[in-house]
Structure formats: C-alpha cells, structure tokens
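> could you look at this predicted model? Sequence included:
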Amino acid sequence: MAYQYDFASVFEYTPVLLKGIGVTIELIAFGAVAGVAIGIACAWVRTQGPTWLRAPVSAYVELIRNTPFLIQLFFVFFGLPSLGIQLGEMQAACLAMALNLGAYSTEIIRAGIDATPRGQYEAGASLALSRLQVFRHVVLMPALMRIWPALSSQIVIVMLGSAVCSQIAAEDLTFAANFIQSRNFRAFEVYLVTTGIYLALAVLLRQILRMTGRRLFRKAAR
C-alpha cells in the first residue's frame with residue numbers, strides 16, 4: 001500500500017511546537033547577545049589586550065573551535081556539577097551556546113579589527129584617547145561592519161546547532177519534534193514540519209540580523 005500522509009496528527013500538537021519554537025528563540029537570543037559580547041571582549045584581548053591574558057583566551061578559542069558542540073554541552077551540563085556548579089537544562093544550553101559562539105565570533109571579529117587601517121589608530125591617539133577608548137569609539141564599529149555578514153552566518157549556524165540541546169532535555173523545537181513523534185509515530189511528517197520551521201527561523205533570523213546591521217552601521221557607513 002502507498003504511504004498515507006497525515007500532517008493533521010502533527011498539528012494536533014501545535015501548542016507543543018509553539019513552546020519548542022519559543023524555547024529555541026530564547027536560546028538563540030541569549031546565545032547571540034552573550035556570544036557576540038564574549039567575542040568582542042576576546043578579540044580585543046587577542047589584538048590589543050594585556051599580554052598575560054592572550055594565552056588563556058587563545059586556549060579557550062582553540063578548545064571550543066576544535067571540539068564538538070555536543071561534547072561542550074555535555075561537559076557544561078554533566079561535568080560542571082562535579083565541580084559543584086549545578087545548572088538547569090536551559091541554563092546549561094544557554095551557557096554552552098554563548099561559549100561556542102563566543103569562540104567563533106572572536107576570530108571573525110579579530111579579522112575585522114586586523115583590517116582596520118593604521119591611520120584610524122593614529123587618529124584616535126591624536127585625540128588623547130586611551131587604547132580601550134580607541135578600540136571602543138574608533139575601531140570596533142567599522143570592524144563589525146566589515147564582518148557583519150560572516151558573523152550573521154555564524155549566529156544562524158549556532159541557532160541551527162541548538163537542536164542538540166534537546167539531548168539534555170532542553171525543551172526546544174527538536175525536543176518538541178521528538179516528543180510528538182513518540183506519540184503519533186509519524187516520523188516523516190513530524191520531521192518534515194520541523195525542517196520547515198527551522199528553515200523559516202533561519203531565514204527570519206538572517207533578515208533580522210540584516211536589518212540590525214543596517215541600523216547599527218548607518219552612521220559608520222557615512
């Protein structure tokens with residue numbers, strides 16, 4: 001017999017899907033903001049910060065960029081309690097995503113900083129600004145403007161990677177999909193719908209990041 005599609009049995013669980021979408025949005029919102037903040041701080045350390053901080057930051061970046069996100073997630077959720085640090089599912093997922101994006105965004109932002117013309121540093125120094133003030137007011141925004149498309153793509157990649165957070169029972173979209181499939185046994189329909197939702201979220205996130213970039217860099221582009 002031909003396979004009989006039954007998408008109605010998936011949409012019976014619309015509240016579950018909506019909750020999963022909401023959790024995924026929460027994860028990427030926190031992960032993006034915290035991850036980019038970590039990336040900016042670490043990029044400053046690696047390019048202009050104190051020498052004694054550069055080795056620890058470099059070690060962090062290399063460790064995260066050369067290990068699987070799933071292992072990082074398991075370490076945060078299952079490993080940190082051994083050190084007395086207890087985290088809930090959402091807390092562990094948010095922390096792991098922020099640390100992961102932070103490492104990748106460090107290298108992306110550093111590339112933008114390295115492309116800054118020497119004249120901009122000299123102009124800032126001529127105004128009697130400190131190194132940190134030059135970085136904040138003269139270097140950072142043009143650097144971010146240069147690498148914003150690459151940084152946006154990395155944020156989208158991290159959002160899609162958040163699917164593995166369901167492995168520690170964070171109730172994201174993938175967790176919702178697995179729950180629904182375990183109830184109606186319609187794997188094809190469930191995961192096809194879930195794929196479509198992730199695609200829509202990725203496209204929407206790219207548009208939001210593109211509009212955010214236009215607003216952020218409107219003055220810098222002049």
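Right, received. Where do you want to start? Numbers count the residues shown, from 1 in each chain.
> next SSE after the longest helix belonging to the chain?
Secondary structure of the chain per DSSP state H: the longest helix is helix 14-48. Later in the chain than helix 14-48, the nearest helix or strand by DSSP states H and E is helix 51-65.
> which elements pack onto whichever helix or strand comes after that following helix?
Along the chain past helix 51-65, the next helix or strand (assigned with DSSP H and E) turns out to be helix 69-74. Judged by 3 or more CB pairs under 8 Å, 6 or more residues apart in numbering; DSSP states H and E, helix 69-74 is in contact with helix 89-114. For glycine as for every other residue, the C-beta is placed from the backbone atoms N, C-alpha and C.
> could you list the buried residues of the helix it packs on?
By neighbour count on 16 or more other CB atoms under 10 Å, the buried set for helix 89-114 is 89-90, 92-110, 112-113.
> got the angle between the longest helix of the chain and helix 89-114?
Computed with axes from the mean of the first three to the mean of the last three CA atoms, to 10 degrees, the direction of helix 14-48 lies at 40 degrees from that of helix 89-114.
> average pLDDT for helix 14-48?
In this model, helix 14-48 has an average pLDDT of 95.
> helices and strands around that helix, which ones?
For helix 14-48, the packing partners by 3+ CB pairs under 8 Å, 6+ apart are helix 51-65, helix 89-114, helix 140-161, helix 173-184, helix 187-216.
> buried set for the third one?
Yep, that's helix 140-161 we're talking about. Under 16+ other CB under 10 Å, the buried positions of helix 140-161 are 140-148, 150-152, 154-156, 158-159, 161.
> what does the lowest-mean-pLDDT helix or strand in the chain contact?
Sorted by mean pLDDT, DSSP states H and E, the helices and strands of the chain end with helix 118-126, the least confident at a mean of 72. With contacts defined as CB atoms under 8 Å, 6 or more residues apart in numbering, helix 118-126 is touched by 133-134, 137-139, 142.
> tell me how far that helix lies from the chain's centre.
For helix 118-126, the gap between its own C-alpha mean and the chain's C-alpha mean amounts to 32 Å (CA atoms, centre = their mean, to the nearest Å).
> how about stretch 177-186?
Relative to its parent chain, stretch 177-186 has a centroid offset of 28 Å by CA atoms, centre = their mean.
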